[in-house]
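K.L.:
just to be clear, the model below is a prediction. Sequence and coordinates:
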Amino acid sequence: MHTLVQNYRNGRLKVIELPEPICGPSELLIDTKSSLVSVGTERSINKLAKQSMLQKAMSRPDLVRRVLEKVKTEGITKTYADVKGRLDQYIPLGYSACGHVRQIGSDVTQFQPGDFVSVIGANVASHASQICAPEMMCVKVDPSIGDSAAFGMLGVIAMHGIRMTAQQPGSIIAVVGLGLIGNLTLQILNAYGYCGVGFDKDSDKVAIAEKLNLKYCYAEREKFHKKIENLSQGMGADATIITAASKSPMPLDDAVKHTRKGGKIVISGVVKIQPDRNELWLKEIEIVVSRAGGPGSLDAIYEQSGIDLPIETSRWTQKRNFREFFRLITDGSINPSALISDRVNLKDVITLYNAIDKGKIRGIAPLIT
């Protein structure tokens with residue numbers, strides 16, 4: 001099989017050939033139809049990988065702290081060797097794909113060869129001609145939805161962000177950042193009967209949202225705030241979901257200003273979290289960071305071993321959000337495939353990444369086939 005990988009030390013990309021994956025007892029072997037490139041996310045990964053060691057350390061102080069802790073327990077020689085070895089490895093890119101099941105493991109119960117499935121997860125749903133995925137990371141979907149099936153991971157992230165607001169339909173939800181996740185968030189909000197108001201300083205992203213008939217989307221901050229004020233009769237948004245990526249504190253500071261008293265701010269993107277305590281105190285606003293696709297996300301027992309969480313304690317787990325996202329697509333309530341801006345064959349994918357790096361891709365959802 002062929003797969004796209006990147007060297008984390010120097011950022012170099014390669015399409016390499018590997019042996020066909022071996023399907024484990026609880027896994028599916030899938031012939032990939034397409035995989036999704038989230039331009040914002042993968043541009044930031046690519047940019048980080050191309051930085052110097054010092055720049056990497058400054059960008060990820062959390063990892064530096066972990067390295068220092070490792071030095072304390074295992075010594076500098078072993079730590080240096082481990083870090084150097086990890087940096088020299090080629091890692092797969094991509095985390096959302098779809099395809100047809102070729103083979104199932106002996107313990108798989110929900111799928112059969114030939115099924116059309118959506119696949120999610122970093123190091124699982126990679127940009128590769130074949131994928132070997134745990135059963136819990138796959139959902140059977142209607143083949144008629146086509147390449148919308150490649151949007152699963154972005155869909156569950158958007159879905160979980162909305163769940164985290166804990167607001168009822170009819171509520172005013174502001175969405176800051178209209179990239180792929182922000183756009184999907186607005187589509188889902190509309191489908192569920194919320195009043196979504198979107199902002200992005202990039203007018204191209206606002207134009208994409210407007211073409212999908214998503215009302216109340218703005219590239220001018222003043223118009224965005226004014227619309228929230230008018231819709232809420234001066235009270236502010238019931239909740240704000242930040243899907244933007246920014247090193248500036250402005251997205252969060254803005255969210256505090258336009259969110260009502262007792263409201264909630266959900267951070268699904270990557271922003272600087274340094275809110276003014278007095279502003280939060282005056283309004284008693286709650287801030288929460290949304291973790292991936294819901295309960296079970298990034299939990300090996302859940303994702304790899306397939307041990308589900310009881311519905312009475314976790315109604316909307318990652319898998320349940322996953323299924324619900326595709327129900328909305330099948331019903332025609334949302335349309336992810338309308339966001340596809342480019343299509344490129346896996347063998348030509350490095351050209352696509354170079355174009356993303358140089359800002360030549362203006363869309364938000366290129367597809368690798």
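P.N.:
Great, that's in hand.
K.L.:
quick check: buried residues in stretch 185-195?
P.N.:
For stretch 185-195, a neighbour-count test (16 or more other C-beta atoms under 10 Å) marks 185, 186, 187, 188, 189, 190, 192, 194, 195 as buried. The way it works is simple: take the backbone N, C-alpha and C, and place the C-beta from them, glycine included.
K.L.:
sorry, that was for stretch 304-323
P.N.:
Neighbour counts using 16+ other C-beta under 10 Å place 304, 306, 309, 316, 317, 318, 319, 320, 321, 322 of stretch 304-323 among the buried residues.
K.L.:
residue 117: which of those residues is nearest?
P.N.:
residue 322 (10.7 Å; C-beta to C-beta).
K.L.:
what's the farthest-apart pair in the buried residues of stretch 304-323?
P.N.:
Across the buried residues of stretch 304-323 (C-beta to C-beta), the longest gap, 20.5 Å, separates 304 and 316.
K.L.:
please narrow the buried residues of stretch 185-195 to those residing in strands.
P.N.:
Among the buried residues of stretch 185-195, the members found in strands (DSSP state E) are residue 195.
K.L.:
Serialize the buried residues of stretch 185-195 to JSON lines and add fields for distance to residue 145.
P.N.:
Shown next, in JSON lines, are these (distance: C-beta to C-beta, whole Å):
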{"residue": "185", "distance to residue 145": "19"}
{"residue": "186", "distance to residue 145": "19"}
{"residue": "187", "distance to residue 145": "14"}
{"residue": "188", "distance to residue 145": "15"}
{"residue": "189", "distance to residue 145": "20"}
{"residue": "190", "distance to residue 145": "18"}
{"residue": "192", "distance to residue 145": "19"}
{"residue": "194", "distance to residue 145": "23"}
{"residue": "195", "distance to residue 145": "27"}
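K.L.:
make a markdown table from the buried residues of stretch 185-195 and add pLDDT and distance to residue 20 to it.
P.N.:
Listed next are the buried residues of stretch 185-195 as a markdown table, based on pLDDT from 0 to 100; distance: C-beta to C-beta, whole Å:
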| residue | pLDDT | distance to residue 20 |
| --- | --- | --- |
| 185 | 98 | 37 |
| 186 | 98 | 40 |
| 187 | 98 | 37 |
| 188 | 98 | 36 |
| 189 | 98 | 41 |
| 190 | 97 | 42 |
| 192 | 98 | 41 |
| 194 | 98 | 45 |
| 195 | 98 | 49 |
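K.L.:
nearest to residue 367 among the buried residues of stretch 185-195?
P.N.:
residue 187 (17.6 Å).
K.L.:
three-state assignment of residue 122?
P.N.:
coil (DSSP: H, G, I helix; E, B strand; the rest coil).
K.L.:
in contact with it, which residues?
P.N.:
94, 95 (C-beta atoms under 8 Å, 6 or more residues apart in numbering).
K.L.:
relative to residue 223, how far out is it?
P.N.:
37 Å (C-beta to C-beta, to the nearest Å).
K.L.:
rewinding a little: which of the buried residues of stretch 304-323 fall within helices?
P.N.:
Counting by DSSP state H, the buried residues of stretch 304-323 place 318, 319, 320, 321, 322 in helices.
K.L.:
for the residues you listed, which one is nearest residue 3?
P.N.:
For those, the residue nearest residue 3 by C-beta to C-beta is residue 322; the value is 23.2 Å.
K.L.:
so what's that closest one scoring on pLDDT?
P.N.:
On pLDDT, residue 322 comes in at 98.
K.L.:
and what of residue 62?
P.N.:
57.
K.L.:
how near is the residue sitting nearest the centre point of the chain to residue 172?
P.N.:
For the chain, the residue nearest the mean C-alpha position is residue 154 (4.2 Å; C-alpha atoms, centre = their mean). Distance from residue 154 to residue 172, counting by C-beta to C-beta: 23 Å.
K.L.:
now do residue 125
P.N.:
Distance from residue 125 to residue 172, by C-beta to C-beta: 34 Å.
K.L.:
what of residue 221?
P.N.:
Residue 221 is 17 Å from residue 172, by C-beta to C-beta.
K.L.:
residue 245 too?
P.N.:
Residue 245 is 24 Å from residue 172, where distance means C-beta to C-beta.
K.L.:
more neighbours: those two, which one.
P.N.:
Under the criterion of other C-beta atoms under 10 Å, the comparison of residue 245 against residue 172 puts residue 172 first, with 25 against 16.
K.L.:
for that one, grab phi and psi.
P.N.:
phi -90, psi 120 (degrees, to the nearest 10).
K.L.:
so it bridges to which residues?
P.N.:
Note on residue 172: beta-bridge partners by DSSP bridges are residue 195.
K.L.:
all strands for the stretch 201-350 of the chain, in order.
P.N.:
Applying DSSP state E, counting those that start in this stretch to the stretch 201-350 of the chain gives strands spanning 217-218, 237-242, 245-246, 259-267, 270-271, 286-289, 340-344.
K.L.:
quick one: closest of these to residue 38.
P.N.:
Distance to residue 38, taken as C-beta to C-beta, is lowest for strand 245-246 among the strands of the stretch 201-350 of the chain, at 10.5 Å.
K.L.:
surely residue 240 touches residue 267?
P.N.:
No - here residue 240 lies out of contact with residue 267, judged by C-beta atoms under 8 Å, at a distance of 9.2 Å.
K.L.:
of those two, who's got more company?
P.N.:
Set residue 240 next to residue 267 and count neighbours by other C-beta under 10 Å: residue 240 wins out with 31 against 22.
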